[in-house]
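Participant: structure for this input, please:
(chains A and B)
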There are 2 protein chains.
Amino acid sequence: MKIDARAEAWATLQVLGIAPRPLVALLRAFGGPEAVLRASPAQRRAVVPAAAADALAAEPDRDRLGATLAWLAADADHDLVAWDDPDYPEALLEIGDPPPVFYCLGRRELLARPGFAIVGSRNATPQGAADAEAFAAALSAAGLTIVSGMALGIDAAAHRGGLAHAGSSIAVVGTGPDRVYPARNRDLAHEIAARGLIVSEFAPGTPPLRANFPRRNRLVSGLAHGVLVVEATLSSGSLITARLAGEQGREVFALPGSIHSPFSKGCHKLIREGAKLVDTAQDILDELRVPRMRAGVPRRQAADDAVLDAHQRTVLDALGRAPVAFDTIAERTGLPAQTIAATLLGLELAGHVAGVPGGLWQRIE
Amino acid sequence: MKIDARAEAWATLQVLGIAPRPLVALLRAFGGPEAVLRASPAQRRAVVPAAAADALAAEPDRDRLGATLAWLAADADHDLVAWDDPDYPEALLEIGDPPPVFYCLGRRELLARPGFAIVGSRNATPQGAADAEAFAAALSAAGLTIVSGMALGIDAAAHRGGLAHAGSSIAVVGTGPDRVYPARNRDLAHEIAARGLIVSEFAPGTPPLRANFPRRNRLVSGLAHGVLVVEATLSSGSLITARLAGEQGREVFALPGSIHSPFSKGCHKLIREGAKLVDTAQDILDELRVPRMRAGVPRRQAADDAVLDAHQRTVLDALGRAPVAFDTIAERTGLPAQTIAATLLGLELAGHVAGVPGGLWQRIE
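Facilitator: Have a look, this model is predicted:
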């Protein structure tokens, strides 16, 4: 990408590691990432707690920032996507902690497509991998972009199936966007970079760190309208992804298998807990009502009510012109607290609502 | 059994084929099967519609009645169980149309044990048959009596597993209790007659008639607290048994399998529709809370409130001393109409409630 002042400011904020919540307040108060960085410590302290304000006063790691900007500048398809981008995925704003900035490599336009996640065990059976690839191919052919975590086994098979058709595939990685992990997926990573999209919330150069992989899982489900678990043992990380997906309001699907296979036990547990059992890709398309999905995820446009989702409308309707408390919104909408918090964040970013002192919320024009 | 006047009267009523509903009214009005047969046509017409009253005036098929009585008299373990027997199974009274009389061959005391049905395809896979036998053995060892339909495949395997442990097995057959169908199950039928129980609502001598087999299915689930479907194609009769079981308020369980096996498709359909997916026999025991089950099904005792089940208590509580309409009971209890109808039948047979003119119901002492 071509680096401009805004991109540099976002990269700086990412390298500084500002938490989403205070960052929302700062962006609202000052208008944009450059203005947030330009504001004085005193001005920032008027908006957010001192700890968050002071974090911005620190000097960013120059090596890291330099490497990030160099990576972004190195190629036209190296990219940075931030909250104020019109193509920041709507679906991601619904999750509890959407990354303010992420990096991507490949076909950025895939972010606007309806996503569907397919995950499972790294050491899957050959049949499990074949099933993952076949389901991914069928769903990709139906227009869904297959999202997974680029691990070995089911993830890799899902990406291959996705790449085979129009929906293509997004790999959310737990390293910087410039690193390939595991090494055995090198060829696949290059194919995804060329014909799909690699997404990372970690700065270029970030090595594979154990702590970063669970964070990655919330973006896999966050970028998707539903999640299919193909094979999973009872200790598989895929069960965590499925749990996150459920918390994010995503539909969870699981493939059954023999009661004698340890790789089906995790899927069976999910089904007992409410995941939908699927026999065919059509089962998933039926459940997602895919004709609607094919139209694509609505783009965010601050002034256009038509792109609001159902929760956003409900919450906006519950807000009068006078400021109201969070609990009042909860009472009026009947929505779970987490949904309201996420919805308010989305509305705040889109300029529809504002927080006011005393923890109150107000609708704005 | 030793034939007495009461047994002969019940056999006569069975051969005459009186429908359950008018029969309840007649038994209530006249006190027992012999009195029902002794009553004059005019007396009967005062209690039930003319068609039902006249059916009793007909001469029973003497050959058939003779053969029935001869079969009953032929052996000590040839038996007849009727509504007024204290060991008529409580569970059967809960179904929409419990048979007023049925015949049995073998260990009649198994009727008092908690039953669990295992059913599935006739042309099951070897793995499916092995699974059916293993689940049946584990549940039988835990004290459940395995109920099935003595068909080939899953049914036969379930009976074998049940016979291997203390719970033993009940076969509900679609022929007379003296016939074996299919012929390949001859050895199994003899084993069940010796160590388990064969149950039939059809008179001795009744050949395998296609029309009788679906009726048999409602007794398989009716005698059970839950039903496990092991393998079933989408056109399997086991899906009908599962549907009946659900309508009878039984818990339905299904074994998952490969999405590529036609013998798992029916099970997967059931799971999608709400059946519980099971991996192990323990999953079933947990769901049925089997320690409670082990205590055995309560015997029916007309005067003892303690043996009433939850629905019976609810319905009795909803009935005042004044007669009330069916709809009023529905309103007060919130129970489905079918449940109320079945519960009222059970209460009526046990002497707790009575129907009064105008379609009203009244609690009696």
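Participant: got a list of contacts for stretch A:317-336?
Facilitator: A:311, A:314-315, A:337, A:340-341, A:343-344, A:353, A:356, A:358-363 (C-beta atoms under 8 Å, 6 or more residues apart in numbering or on different chains). The C-beta positions use only the backbone N, C-alpha and C, and glycine is treated the same way.
Participant: give the buried subset of those as a ChimeraX selection command.
Facilitator: Command for ChimeraX that selects the buried part of the contacts of stretch A:317-336, burial taken from 16 or more other C-beta atoms under 10 Å in any protein chain shown:
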select /A:311,314,315,340,341,343,344,353,360,361,363
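Participant: is A:Arg332 in a helix, a strand, or coil?
Facilitator: helix (DSSP: H, G, I helix; E, B strand; the rest coil).
Participant: cool, and A:Gln338?
Facilitator: helix.
Participant: if I look at the nearest residue to A:Leu270 once chain neighbours are set aside, how far off is A:Ser238?
Facilitator: Once flanking residues are discounted, A:Leu270 sits nearest to A:Ala254: 4.4 Å by C-beta to C-beta, 6 or more residues apart in numbering or on different chains. Here A:Ala254 is placed at a distance of 9 Å from A:Ser238 (C-beta to C-beta, to the nearest Å).
Participant: can you list residues touching both of these two?
Facilitator: With C-beta under 8 Å, 6+ apart, A:Ala254 and A:Ser238 have common neighbours A:Val229, A:Ala232.
Participant: what residues does the stretch 151-300 of chain A have near chain B?
Facilitator: Applying C-beta under 8 Å from any C-beta of the partner chain, we find that the stretch 151-300 of chain A lies next to chain B at A:255-259, A:264-265, A:268, A:271-272, A:276-280, A:283.
Participant: what ranges do the helices span in the stretch 51-200 of chain A?
Facilitator: Secondary structure of the stretch 51-200 of chain A (DSSP state H, counting those that start in this stretch): helices located at A:62-74, A:90-93, A:126-141, A:154-163, A:186-195.
Participant: from the chain's centre, how far out does the fourth one sit?
Facilitator: In other words, helix A:154-163. 18 Å (C-alpha atoms, centre = their mean, to the nearest Å).
Participant: for the closest residue to chain B within chain A, helix, strand, or coil?
Facilitator: Using C-beta to the nearest C-beta, the closest approach of chain A to chain B is made by A:Pro256 at 3.5 Å. Three-state assignment for A:Pro256 (three-state DSSP): coil.
Participant: ok, it touching B:Ser264?
Facilitator: Yes. Contact criterion C-beta atoms under 8 Å: A:Pro256 and B:Ser264 qualify, at 7.3 Å.
Participant: count of residues packed around the closest residue to A:Ala57 other than its chain neighbours?
Facilitator: Leaving aside its chain neighbours, A:Ala57 sits nearest to A:Pro41 (5.0 Å; criterion: C-beta to C-beta, 6+ apart). The local packing of A:Pro41 (other C-beta atoms under 10 Å in any protein chain shown) involves 12 other residues.
Participant: tell me the contacts of A:Pro41?
Facilitator: A:Ala53, A:Asp54, A:Leu56, A:Ala57 are the contacts of A:Pro41 under C-beta under 8 Å, 6+ apart.
Participant: relative to A:Val47, how far out is it?
Facilitator: For A:Pro41, the distance to A:Val47 - C-beta to C-beta - is 11 Å.
Participant: now for these two: what residues contact both?
Facilitator: The contact lists of A:Pro41 and A:Val47 share A:Ala53, where a contact means C-beta under 8 Å, 6+ apart.
Participant: quick one: contacts for A:Gln14?
Facilitator: Here A:Gln14 is in contact with A:Thr68, A:Pro100, A:Val101, A:Ala203 (C-beta under 8 Å, 6+ apart).
Participant: between those, which is nearest A:Asn123?
Facilitator: A:Ala203 (30.2 Å; C-beta to C-beta).
Participant: how close does the closest residue to that closest one other than its chain neighbours get to A:Asp61?
Facilitator: Leaving aside its chain neighbours, A:Ala203 sits nearest to A:Thr68 (5.0 Å; criterion: C-beta to C-beta, 6+ apart). Distance, A:Thr68 to A:Asp61, using C-beta to C-beta: 10 Å.
Participant: and the pLDDT at A:Asn123?
Facilitator: For A:Asn123, the pLDDT comes out at 92.
Participant: ok, now A:Arg313?
Facilitator: pLDDT, read off for A:Arg313, is 84.
Participant: that's a helix at it, yeah?
Facilitator: Yes. With three-state DSSP as the criterion, A:Arg313 is part of a helix.
Participant: for the residue nearest to A:Leu270, the count of nearby residues, please.
Facilitator: A:Ala254: 31 neighbours (other C-beta under 10 Å).
Participant: if I pick it, what's in contact with it?
Facilitator: A:Leu228, A:Val229, A:Ala232, A:Ala242, A:Cys267, A:His268, A:Leu270, A:Ile271, A:Ala275, A:Lys276, A:Leu277, A:Val278.
Participant: what about the closest residue to the last one other than its chain neighbours, helix or strand, and which?
Facilitator: Spatial nearest neighbour of A:Val278, excluding adjacent residues (C-beta to C-beta, 6+ apart): A:Phe253 at 4.9 Å. With elements taken from DSSP states H and E, the one containing A:Phe253 is strand A:251-254.
Participant: direction included, what does that strand pair up with?
Facilitator: strand A:226-229 (parallel), strand A:276-277 (parallel) (DSSP bridges).
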